[in-house]
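Novice: Need coordinates for the following:
(chains A, B, C and D)
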Protein chains: 2
Amino acid sequence: MRISEAAAISGLGIDTIRYYEKSGIVPCIDRGSDGQRRFTPENIDWLTLLYWLRQTGMPLKTMRRFATLYAQGGQTVPARKAVLMAHAEQLAKRREELDRCEVVLAHKLAIYEEFEKGTP
Amino acid sequence: MRISEAAAISGLGIDTIRYYEKSGIVPCIDRGSDGQRRFTPENIDWLTLLYWLRQTGMPLKTMRRFATLYAQGGQTVPARKAVLMAHAEQLAKRREELDRCEVVLAHKLAIYEEFEKGTP
DNA sequence: TACCAACCTGAAGCTACATCAGGTCAAGAT
DNA sequence: ATCTTGACCTGATGTAGCTTCAGGTTGGTA
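Specialist: Presented below is the predicted three-dimensional model:
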């Protein structure tokens, strides 16, 4: 599979995929005899996971750690689990922030509506 | 009120407040005779709102638009309301992304646990 | 009077991409 | 056989949103 298809499926942009490879967080992408990247289904899974991790704010540094662990094989599964669980906690915090922001917004909007009632 | 207190209350950093002022998204901060910033309660409210908007991903460009509207007085209240409501929609989308990411993470974690059972 | 903390400015540094310039290569149209 | 088109390549530069740094005032305290 070529890079454009990989981008379409994973959700990442073409440039982002190249950037991620250069940054060392996408281990071993094959190249065809033409020198162009060929993506395996395993690659696609990996990119898709990266997409979701980025989408929810995981820094590249952490992704790099995760990728390094992945490259070291099966005995790093507990460590990888720990990384993902830590990120899941981050998600919970984000959710709290969303909640609080929604409260703030609702409050502001209520004030605006009050104001509009006052000056029709 | 000085900048350090303003930072502590609003949640923003001192440097971020200065940066926001320079970027034109915090209208009219007074200065004392010593040339240092003095913050009114109104300023603090504004900064706190900015804190929450930033925390949930509103771009500076949008904040700038919002600030410009604010500076133009009461007749822009409907426009400001629209900005905040658009942002509230963004929040809903973020929440969906969080949900989906949690599903992906839970799936990965389940696979890891399966793996650990298999190779104890 | 000497010093320390808190403030100031302008400039440079950083992260995580996005975009651009300039070039390769294969496949179909002329 | 050549020409064009489109997808890909690399390396460099640009952008957003801060953050940190260098170097310079104040204002209160010992």
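Novice: Give the burial count for A:M58, as a bare number.
Specialist: The local packing of A:M58 (other Cβ atoms under 10 Å in any protein chain shown) involves 20 other residues. In short, each C-beta sits where N, CA and C put it, glycine included.
Novice: list the contacts for the residue nearest to it when sequence neighbours are not counted?
Specialist: Once flanking residues are discounted, A:M58 sits nearest to A:H87: 5.6 Å by Cβ to Cβ, 6 or more residues apart in numbering or on different chains. The contact partners of A:H87, by Cβ atoms under 8 Å, 6 or more residues apart in numbering or on different chains, come to A:53, A:56, A:58, A:62, B:105.
Novice: Could you see whether DNA strand C lies near the host helix or strand of A:R18?
Specialist: For A:R18, the host element (DSSP states H and E) is helix A:14-22. Yes. Remark: helix A:14-22 sits within contact range of DNA strand C at A:15-16, A:19-20, by Cβ under 7 Å from any atom of the strand.
Novice: the bottom helix or strand of chain A by mean pLDDT?
Specialist: Ranked by mean pLDDT, DSSP states H and E, the weakest helix or strand in chain A is strand A:30-31, scoring a mean of 91.
Novice: What is that strand packed up against?
Specialist: Contacts defined by 3 or more Cβ pairs under 8 Å, 6 or more residues apart in numbering or on different chains; DSSP states H and E place strand A:30-31 against strand A:37-38.
Novice: Can you list the neighbours in contact with the very next helix or strand once past the strand it packs on?
Specialist: Next helix or strand after strand A:37-38 toward the C-terminus (DSSP H and E): helix A:41-55. Around helix A:41-55, the neighbours that count as contacts under Cβ under 8 Å, 6+ apart are A:1, A:6, A:9-12, A:17, A:20, A:25-27, A:29, A:39, A:62-63, A:66, A:70, A:87, B:97, B:100-101, B:104-105, B:108.
Novice: Would you mind measuring from the most centrally placed residue in chain A to A:L12?
Specialist: Centroid-nearest residue in chain A: A:R54, 2.0 Å away (criterion: Cα atoms, centre = their mean). Distance of A:R54 to A:L12, computed by Cβ to Cβ, to the nearest Å: 8 Å.
Novice: from what I can see A:G57 touches A:Q90, true?
Specialist: Yes. At 6.8 Å, A:G57 counts as touching A:Q90 under the criterion of Cβ atoms under 8 Å.
Novice: Show me whatever sits in contact with both of these two.
Specialist: Counting by Cβ under 8 Å, 6+ apart, nothing touches both A:G57 and A:Q90.
Novice: For chain A, what lies in contact range of DNA strand C?
Specialist: So chain A meets DNA strand C at A:13, A:15-16, A:19-20, A:34-35, A:54, A:59-61 (Cβ under 7 Å from any atom of the strand).
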